[in-house]
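**Q** Give me coordinates for this.
(2 chains)
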Number of protein chains: 2
Amino acid sequence: LLGAKSGDAFAQWGGDRGEDRDRDGKREREPLVLKTMGSLYAGGGVVESDSGIFHFDHLYAYYHIPVKARKLPLVMWHGCLSPAWETTPDGREGFQPIFVRRGWSVYVIDQPRQGRAGRGLDSFTVARASLAGEVSSWNTFRLGRWVPPEPRTFFPGVAFPQDSASQAHYFRYGNSTGGPPITRTPEDRMIPVNAVSALLDEIGPTVLVTHSNSGQYGWHTRIKNDKVRGIVAYEPAAFVYPADDAPPAVATEDAQVAGITEPQLVAPEEFDRLTKIPIQIVYGDNIDFDTPSPIFGVELWRVVVQRAQQFAEAVNRRGGDVEIVFLPRVGLSGNTHFPFFDLNNVKVADLMSDYLHEKGLDRRSRKGRHGRHADVASSSGGDGD
Amino acid sequence: LLGAKSGDAFAQWGGDRGEDRDRDGKREREPLVLKTMGSLYAGGGVVESDSGIFHFDHLYAYYHIPVKARKLPLVMWHGCLSPAWETTPDGREGFQPIFVRRGWSVYVIDQPRQGRAGRGLDSFTVARASLAGEVSSWNTFRLGRWVPPEPRTFFPGVAFPQDSASQAHYFRYGNSTGGPPITRTPEDRMIPVNAVSALLDEIGPTVLVTHSNSGQYGWHTRIKNDKVRGIVAYEPAAFVYPADDAPPAVATEDAQVAGITEPQLVAPEEFDRLTKIPIQIVYGDNIDFDTPSPIFGVELWRVVVQRAQQFAEAVNRRGGDVEIVFLPRVGLSGNTHFPFFDLNNVKVADLMSDYLHEKGLDRRSRKGRHGRHADVASSSGGDGD
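**A** As a prediction, this is how the structure comes out:
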């Protein structure tokens, strides 16, 4: 029993009893001890003929597999910024190294047509960059307010580093594009969902950690593939509902907000698959719950949180287990759209660790194998316990 | 002296005596022990006005910093496939984990406009995918021959896994695009060079490990920034020469080959900066040195190796230290354009370890600090020795 040997470098990690969670980053100065690390591709399509071959719409995943990993890996699924899982704007460790330290196998993905993932098959054009995108994001991502020509301001007490180097890092997040944009059609939505489902077919049962735009994909991935054993969703903006129990309208005068938050209706028996797993939804600070706003990035969250409540109620009415956490209500203030890279991200990680423990998702593996991907499966622990 | 403590998990790593190199992957089954890991951005430009802001043309780098890292990090600079440093097509560890295991801090970069790096500022269009690209690459990357409509074949004894899963992985390498293509103009060439130079200004003296298209950028990076302390170049295709000592023509009837391999003339005092560091250039197998070919990917290497010889002679005539290694001449056969992910990549890594040791580039740090990037610098070792 490797984990139980006294004097062993890994003894700190205990056994399968779930008592080895971190609190407040106490392990941040200790080494990370990995079994292996690397990257893989999953899913996507291929066209092939006598004249050649082309693969497209697969995803890319980087994995870090700790020694004596927990049974379920975490798949961290970006909104638009996969490196935001890796490192905070001020250069501290992000959720990827934090959860690897805590014994989780972590897969950080680039979804199809983005970053290191595959090119799309079809032609596409990217317009010359606009200076307005970051302005809108500043509001939407709740760093503060930015309404040109007034300069940008931070919210008082925002949990975001305000020095210029951190801002420069933040502004450089974002990926290249590998194909036509994935739109909000049901068809396009399945491109990333199918790729992640293919990943789970390789690596086995998993906890999905979604963010922002990938929140909606997380619901559909669970509907498609029961290897999703739990979901922690940071600031999802869109939700599914059963077609026989569509939620009432949420009034907004902002057409873009209405479009993004429009209920995605699925068959009742599909929806019911969401009742089989624990789901935690987390929102940060500086959300105005009551007052409609002419600013897209302000109005969005007023509508989103109502849609989230409708989703939670629909799942729970059918016997499911969804909880919504507003971070200020549990003592964490100032969080932006990116709680996992904010100044207090270790405390946010503690909340996630607590949740995963409470739901029995953080057990150590007896076998240490959690997938069929040859290299990872053969090297993902299994030395002891 | 942490490294000297008996029974210590890190004692295996010895001190600063260079006797702790790996041979033949004997450490591949031991844990990787990291101080920290994460990603950063470097270089690039920014446009800012009253109406907003946009950052572009920066690079992305993922770093793994081992406990008690060697003094100089390795910066692994892709040709077109940054994940090719990470994992082999058949799922074994690539140069990134191999060299982290060997005590090196490793930075794997996505150069500007590619993968996870920044978007370019200007509009660009990507055409619908052609099935012909992989056909040309199959020849150019020397997996074998592929002349449609005949099916593709592997070279006899090629050091490449031939099962379908490995081929599917290989065909899915490649990054998304983040801006207009970087062309062969001197101006465009400086986009990636400037970004890597900015990275070195952050992380300090470095050994560059280049591949294919980035080989040329490596020369220019050393000319620009003396923090380049050594270069290992896998299969570079283009070279610089002093303007006062241009090399003779190498005849070829292939205009594309001529364009790629065209001498890049630089001022003699710039060229002389390449004489100050050790440079190793490595080529794989299945190169026809003598016979002109109508196939681009065959003809290319015949010309390239002549250009490489001219480069080595020019540097060495001026007192430099360039060596060219043809892997079959040192006992490794079957290597493709990607020796670092071929079946024998651990032996290729051993050659690199030997070279870096021979040139005194693999010393352990006394301070364990090798850069100014706050997080990395403060956590890149320095606990002992």
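**Q** For the rest of this, base every contact and every neighbour count on C-alpha atoms.
**A** OK.
**Q** A:Asp188 - that's part of a helix, no?
**A** Yes: the assignment for A:Asp188, made by DSSP: H, G, I helix; E, B strand; the rest coil, places it in a helix.
**Q** That one: neighbouring residues, count only.
**A** 12 (other Cα atoms under 10 Å in any protein chain shown).
**Q** Kindly report the same for A:Leu40.
**A** 26.
**Q** ditto for the one 3 residues further on
**A** Residue crowding around A:Gly43 was assessed by other Cα under 10 Å; the count is 25.
**Q** Need the per-residue pLDDT for it.
**A** Model confidence at A:Gly43, given as pLDDT, is 96.
**Q** residue contacts, it?
**A** A:57-59, A:194-199 (Cα atoms under 8 Å, 6 or more residues apart in numbering or on different chains).
**Q** Quick check: the gap between it and A:Ala117.
**A** From A:Gly43 across to A:Ala117, the span is 11 Å (Cα to Cα, to the nearest Å).
**Q** Give me the angle between the top strand by length along chain A and strand B:32-42.
**A** The single longest strand within chain A, with elements called by DSSP state E, is strand A:32-42. Per axes from the mean of the first three to the mean of the last three Cα atoms, to 10 degrees, the angle that strand A:32-42 makes with strand B:32-42 is 60 degrees.
**Q** As PDB, could you dump the C-alpha coordinates of strand A:32-42?
**A** Taking C-alpha atoms only, strand A:32-42 is exported to PDB below (Å, rounded to 0.1, in the frame of the first residue of the first chain):
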ATOM      1  CA  LEU A  32       3.800  18.300  -8.100                       C
ATOM      2  CA  VAL A  33       4.400  14.500  -8.500                       C
ATOM      3  CA  LEU A  34       3.300  13.200 -11.800                       C
ATOM      4  CA  LYS A  35       3.000   9.800 -13.300                       C
ATOM      5  CA  THR A  36       3.000  11.200 -16.800                       C
ATOM      6  CA  MET A  37       1.800  14.100 -19.000                       C
ATOM      7  CA  GLY A  38       1.100  14.800 -22.600                       C
ATOM      8  CA  SER A  39      -1.600  15.500 -25.100                       C
ATOM      9  CA  LEU A  40      -4.100  13.600 -27.200                       C
ATOM     10  CA  TYR A  41      -6.800  14.300 -29.800                       C
ATOM     11  CA  ALA A  42     -10.300  12.900 -29.800                       C
END
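**Q** Check which helices and strands it sits against.
**A** Other elements packing on strand A:32-42 under the criterion 3 or more Cα pairs under 8 Å, 6 or more residues apart in numbering or on different chains; DSSP states H and E are strand A:59-66, helix A:95-101, helix A:186-203, strand B:32-42, helix B:95-101, helix B:164-172.
**Q** So what does A:Asp290 have for phi and psi?
**A** Torsion angles at A:Asp290 (phi, psi; degrees, to the nearest 10) stand at phi -120, psi -30.
**Q** is it true that it touches A:Arg302?
**A** Yes: counting by Cα atoms under 8 Å, A:Arg302 is a contact partner of A:Asp290 at 6.8 Å.
**Q** what about the two, which has more around it?
**A** Set A:Asp290 next to A:Arg302 and count neighbours by other Cα under 10 Å: A:Arg302 wins out with 20 against 9.
**Q** chain center to the helix or strand hosting that one, what's the gap?
**A** Using DSSP states H and E, A:Arg302 sits in helix A:296-317. Remark: helix A:296-317 is offset 18 Å from the chain centroid, using Cα atoms, centre = their mean, to the nearest Å.
**Q** What are the buried residues along it?
**A** A:296-305, A:307-308, A:310-315 (16 or more other Cα atoms under 10 Å in any protein chain shown).
**Q** low pLDDT regions in the stretch 1-150 of chain A?
**A** Within the stretch 1-150 of chain A, the segments meeting pLDDT under 70 span A:1-28.
**Q** what sits against A:Val196?
**A** A:42-43, A:59, A:111, A:221 are the contacts of A:Val196 under Cα under 8 Å, 6+ apart.
**Q** how about a cut-off of 7 Å?
**A** For A:Val196, the contact set (Cα atoms under 7 Å, 6 or more residues apart in numbering or on different chains) is empty.
**Q** Remind me which helix or strand A:Glu150 belongs to.
**A** Of the helices and strands defined by DSSP H and E, none includes A:Glu150.
**Q** Please tell me how far it sits from B:Tyr170.
**A** Distance, A:Glu150 to B:Tyr170, using Cα to Cα: 50 Å.
**Q** neighbour count winner among these two?
**A** When A:Glu150 and B:Tyr170 are compared for neighbours, B:Tyr170 comes out ahead with 18 against 10, by other Cα under 10 Å.
**Q** Once you drop chain neighbours, what's closest to that one?
**A** Among residues not flanking B:Tyr170 along the chain, B:Pro89 sits closest, at 5.4 Å (Cα to Cα, 6 or more residues apart in numbering or on different chains).
**Q** Next: A:Val304.
**A** Taking Cα to Cα, 6+ apart, and ignoring the residues beside it in sequence, A:Val304 has A:Ala237 as its nearest neighbour in space, at 5.5 Å.
**Q** Please, where are all the strands along the stretch 1-150 of chain A?
**A** Assigned by DSSP state E, counting those that start in this stretch, the strands in the stretch 1-150 of chain A fall at A:32-42, A:45-49, A:52-56, A:59-66, A:74-77, A:106-110, A:124-126, A:144-145.
**Q** contacting residues around the second one?
**A** It refers to strand A:45-49. Strand A:45-49 has contacts (Cα under 7 Å, 6+ apart) with A:53-58.
**Q** Who wins on neighbours among these?
**A** A:His58 (31 neighbours).
**Q** Does that residue touch A:Gly120 like I think?
**A** No: judged on Cα atoms under 7 Å, A:His58 makes no contact with A:Gly120 at a distance of 8.9 Å.
**Q** Next secondary structure element downstream of the helix holding A:Arg302?
**A** Following helix A:296-317 in sequence, per DSSP H and E, is strand A:321-326.
**Q** Quick check: buried residues in that following strand?
**A** Buried residues in strand A:321-326 (16+ other Cα under 10 Å): A:321-324, A:326.
**Q** just curious, which of these is nearest to chain B?
**A** A:Phe326 (27.9 Å; Cα to the nearest Cα).
**Q** Pick out the residue nearest the middle of chain A.
**A** A:Thr210 (2.1 Å; Cα atoms, centre = their mean).
**Q** In terms of helices and strands, where is that one?
**A** Counting by DSSP H and E, A:Thr210 is part of strand A:206-211.
**Q** Just after that strand, pick out the following helix or strand.
**A** As assigned by DSSP H and E, the chain's next helix or strand after strand A:206-211 is helix A:214-224.
**Q** Convert that following helix to CSV, retaining C-alpha atoms only.
**A** Extracted in CSV, the C-alpha atoms of helix A:214-224 (Å, rounded to 0.1, in the frame of the first residue of the first chain):
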residue,chain,number,x,y,z
SER,A,214,-19.1,25.6,-22.6
GLY,A,215,-21.7,25.4,-19.9
GLN,A,216,-24.5,24.6,-22.4
TYR,A,217,-22.3,22.0,-24.0
GLY,A,218,-21.8,20.3,-20.7
TRP,A,219,-25.6,19.6,-20.4
HIS,A,220,-25.7,18.2,-23.9
THR,A,221,-22.6,16.1,-23.3
ARG,A,222,-24.2,14.5,-20.3
ILE,A,223,-27.3,13.8,-22.3
LYS,A,224,-25.2,12.1,-25.0
